[in-house]
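>>> following is a predicted model, sequence given first.
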Amino acid sequence: MKTRIRLQLSVMMFLEFFIWGAWFVTLGTFLLNNLKTSATQVGVAFLTQSIGAILAPFIIGLIADRFFSAQYILGILHLIGAALLWSASSVTDFDSFYPLILVYMILYMPTLALVNSVSFRQMQEPGKEFPPIRVLGTIGWIVAGFTIGWLNWEQNGSLDLTFKMAAIASAVLGVFSFTLPATPPVKKGGKASLSDILGLDALGLLKNRSYLLFFLSSVAICIPLAFYYNFTNPFLNELGMSSAAAKQSFGQVSELLFMLLMPAFFARLGVKKMLALGMFAWVLRYILFAFGDTAGNYWMLIIGIVLHGICYDFFFVTGQIYTDKLAGERFKSAAQGLITLATYGVGMLIGSLISGVIVDKWQLPAGGHNWQIIWLIPAAIAAVVVVLFLLLFQDKNKHQPATAVNA
């Protein structure tokens, strides 16, 4: 790959995840403090991510794969997104805010696939060339978090500025996208079946008992995962942690480190133990949050954040590798889309619906929340998933060819 193209793709990936990290981490705190919403409304707002993940295949399958170059669609979506984010920064009530963020997430979630598409189409050896470029996305998320902490926007009640920062970055990426390498549609014109759009051919993987259990575990583990994404920042700010968004970025630093260590762990532990460790890390994280505080148990909060590397890499990345190995060449893309639909779509959707209700239920009359009970609930859900997974999962296909799964 030419140096110029590598630099372009790196900038694209940095901005893509900087935009998301710039407002998403502190969304719950913004809604509770600035718009005075309930926790249930916070859950409904985060639900827009799941709606976007569910609808993304339609946008990609109907438009990007058949009619227009990916880099142009990426640019248009981010330019529209910039206007929506800027508008969201100035609203004063949830009823005005929600439609803006809903439309934004429906447009943003497909861009996650588009940046990958633009990247892969420029690569001869994606296995070697993609990771150094994708890591710029994680760095972008980290930079966004540290910027919010450095500027004290949480403490100053100025989280509306996170949307303006994200809007400016989205506008920059929108314009920059038109300079990216050409990525024309693979299938020009023609009718797209529902099966093609949603990758339903990959459903054949679910005939494999082990993969079916993994699939169901992925949905189930993302229910408690929604508690973390939706309410960690409000929780840390309510406890009085300074620069909470910046501290949360330690989780992405951990993700980078464990990503580098994954090959060694994978060779020694195998799929089942890696997946189980990833799920168990969620249990441990929530227990640490339940008993942590900003006084003598501050270390519990920090370790809970840093566990993100194991939580994400050991379960999600291992799951993506497991899916890729079983899918076979014909169904690789469809299978990855299927597992994304299960996790960020169905699992996070259920989690977002119930997490807000639970946080509201345990709101204290004098103000604040009973966070110990709140965090022990997702810990219990994750623990049940881990136990059932360990008892029932067997990786019977680890030494079989991928096509055997689809037989």
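Looks like it arrived, so ask away. Just so we're clear, the structure is a prediction, and the values are computed from it rather than from any experiment.
>>> helix or strand right after the helix or strand of the chain with the lowest mean pLDDT?
The weakest-scoring helix or strand in the chain, judged by mean pLDDT, DSSP states H and E, is helix 194-198 (a mean of 58). Downstream of helix 194-198, the next assigned helix or strand under DSSP states H and E is helix 209-239.
>>> could you find the closest non-adjacent residue to the residue most central in space within the chain?
Nearest to the geometric centre of the chain sits Tyr344, at 6.7 Å (C-alpha atoms, centre = their mean). Once flanking residues are discounted, Tyr344 sits nearest to Ala53: 4.1 Å by C-beta to C-beta, 6 or more residues apart in numbering. For glycine as for every other residue, the C-beta is placed from the backbone atoms N, C-alpha and C.
>>> returning to that earlier point: hmm, the residue nearest to the centre of the chain is touching Ile51, no?
No - counting by C-beta atoms under 8 Å, Tyr344 does not reach Ile51; the two are 10.3 Å apart.
>>> now do the helix or strand containing Val387, average pLDDT.
With secondary structure defined by DSSP H and E, Val387 is part of helix 371-392. Here helix 371-392 scores 93 as its mean pLDDT.
>>> could you name the helices and strands sitting against that helix?
helix 209-239, helix 250-291, helix 348-361 (3 or more C-beta pairs under 8 Å, 6 or more residues apart in numbering; DSSP states H and E).
>>> repeat the analysis, applying 6 Å as the threshold.
helix 209-239, helix 250-291 (3 or more C-beta pairs under 6 Å, 6 or more residues apart in numbering; DSSP states H and E).
>>> right, and the ones you listed - which one's nearest Thr183?
Taking C-beta to C-beta, helix 250-291 is the member of the helices and strands packed on helix 371-392 nearest to Thr183, at 25.6 Å.
>>> okay, now the domains of the chain?
1-181, 198-407 (automatic domain parsing).
>>> so what's the gap between the shortest one and the chain middle?
Counting by C-alpha atoms, centre = their mean, to the nearest Å, domain 1-181 is centred 11 Å from the centre of its parent chain.
>>> repeat that for the longest one.
How far domain 198-407 lies from its chain's middle: 10 Å, per C-alpha atoms, centre = their mean.
>>> quick one on the thing from earlier: lowest average confidence across the domains of the chain, which one?
Ranked by mean pLDDT, those end with domain 198-407 at the bottom, a mean of 83.
>>> any idea how far Ser87 is from Leu100?
5 Å (C-beta to C-beta, to the nearest Å).
>>> and for Thr179?
Applying C-beta to C-beta to Thr179 and Leu100 gives a distance of 28 Å.
>>> okay, the two: which has more neighbours?
Ranked by neighbour count (other C-beta atoms under 10 Å), Thr179 and Leu100 place Leu100 first, with 20 against 11.
>>> thought that one was touching Ser89?
No - taking contacts as C-beta atoms under 6 Å, Leu100 lies outside contact range of Ser89: 9.6 Å.
>>> next, Phe24: phi, psi?
Torsion angles at Phe24 (phi, psi; degrees, to the nearest 10) stand at phi -70, psi -40.
>>> 557 is where my numbering starts, stick with that
Yes, from this point I'll number from 557; that puts the last item at Phe580.
>>> quick one, what contacts it?
By C-beta atoms under 6 Å, 6 or more residues apart in numbering, the contact set of Phe580 is empty.
>>> change it to 10 Å
573, 602, 605, 657, 661, 664, 697, 700, 718, 722, 785, 789 (C-beta atoms under 10 Å, 6 or more residues apart in numbering).
>>> which of the helices and strands packed on helix 927-948 is buried the deepest?
The highest average neighbour count among these, using mean count of other C-beta atoms under 10 Å, belongs to helix 765-795 at a mean of 22.
>>> and the next element down the chain from that one?
Criterion used, DSSP H and E; the element after helix 765-795 is helix 800-804.
>>> residue at max distance from the center of the chain?
Per C-alpha atoms, centre = their mean, the residue of the chain sitting farthest from its centre is Ala922 (34.1 Å).
>>> now do that residue against Val598, distance only.
20 Å.
>>> what does Phe702 give?
24 Å.
>>> list residues touching both of Ser643 and Leu656?
Phe719.
>>> for the helix or strand containing Gly696, packing partners?
For Gly696, the element it lies in under DSSP H and E is helix 682-706. Contacts defined by 3 or more C-beta pairs under 10 Å, 6 or more residues apart in numbering; DSSP states H and E place helix 682-706 against helix 559-580, helix 650-676, helix 716-733, helix 800-804, helix 806-847.
>>> if we go to 7 Å?
Contact here means 3 or more C-beta pairs under 7 Å, 6 or more residues apart in numbering; DSSP states H and E; on that basis helix 682-706 packs against helix 559-580, helix 650-676, helix 800-804, helix 806-847.
>>> of those, which approaches Gly760 most closely?
Across these, closest to Gly760 is helix 806-847 (C-beta to C-beta), at 19.4 Å.
>>> the closest one packs against which elements?
Secondary-structure packing of helix 806-847 (3+ C-beta pairs under 7 Å, 6+ apart): helix 682-706, helix 765-795, helix 854-862, helix 864-866, helix 874-883, helix 927-948.
>>> could those go into a markdown table alongside distance to Arg560?
A markdown table is the format used below for these (distance: least, C-beta to C-beta, whole Å):
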| stretch | distance to Arg560 |
| --- | --- |
| helix 682-706 | 13 |
| helix 765-795 | 36 |
| helix 854-862 | 36 |
| helix 864-866 | 32 |
| helix 874-883 | 29 |
| helix 927-948 | 45 |
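>>> indicate which one of the ones you listed is closest to Val728.
Closest among the helices and strands packed on helix 806-847, once you apply C-beta to C-beta, is helix 682-706, at 12.1 Å.
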